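# Generate a structure from the sequence data that follows.
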Amino acid sequence: MLGRDDETRLDAAGIGAELGERATLVQFSSAFCQPCRATRRVLAEVAAMVEGVAHVEIDAEARLGLVRALGISATPTVLVLDAAGRVVRRASGQPRRADVIAALGAAV
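Sure thing, here's the model as predicted:
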């Protein structure tokens, strides 16, 4: 799951869902997080607009081992993965649609 040389790489087994053909937006959320709901909408919209991009939401409380391994300290946290599962961008807080689209540029 975590690569050598401090390169973080995730796979379908690690996140519990298939990676997107071109990129994957991985969202770590928690049940009572209001910004997580808005983040879910933004990421789902972007994934629907850009061919080959998947959106995967992970319940941070249910996946504490993964949260700790990745150093996630707040929800929502979004990781942008390239087609090979490498983390190319990372951000905490509710993202703007334009920022998500720009971050995808580093992945595709």
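# In contact with the most centrally placed residue in the chain, which residues?
Closest to where the C-alpha atoms of the chain average out (C-alpha atoms, centre = their mean) is V26, at 1.7 Å. By C-beta atoms under 8 Å, 6 or more residues apart in numbering, the contact list for V26 reads 10, 15, 56, 58, 78-81. Bear in mind the C-beta positions are built from the backbone N, C-alpha and C, glycine included.
# Which element is encountered next along the chain beyond the top helix by length along the chain?
Determined from DSSP state H, the single longest helix within the chain is helix 34-49. The element immediately downstream of helix 34-49 (helix or strand, assigned by DSSP states H and E) is strand 53-59.
# residues making contact with the very next helix or strand once past that following strand?
Per DSSP H and E, strand 53-59 leads on to helix 64-70 as the next helix or strand towards the C-terminus. For helix 64-70, contacts defined as C-beta under 8 Å, 6+ apart pick out 1-2, 8, 14-15, 28, 58, 60, 72, 79.
# can you check stretch 12-19 too?
By C-beta under 8 Å, 6+ apart, stretch 12-19 touches 1, 10-11, 24, 26, 54, 56, 58, 63, 66, 81, 83, 85.
# I72 contacts A60, correct?
Yes - assessed by C-beta atoms under 8 Å, I72 is found in contact with A60 at 6.4 Å.
# So, low pLDDT: which residues of the protein?
Applying pLDDT under 70 to the chain picks out residues 1-6.
# Which strand or helix spans the residue nearest to D82 when sequence neighbours are not counted?
Taking C-beta to C-beta, 6 or more residues apart in numbering, and ignoring the residues beside it in sequence, D82 has A107 as its nearest neighbour in space, at 4.3 Å. For A107, there is no host helix or strand (DSSP H and E).
# ok now do A107, which residues does it touch?
Contacts for A107 (C-beta under 8 Å, 6+ apart) come out as 22-23, 80-83, 88-89.
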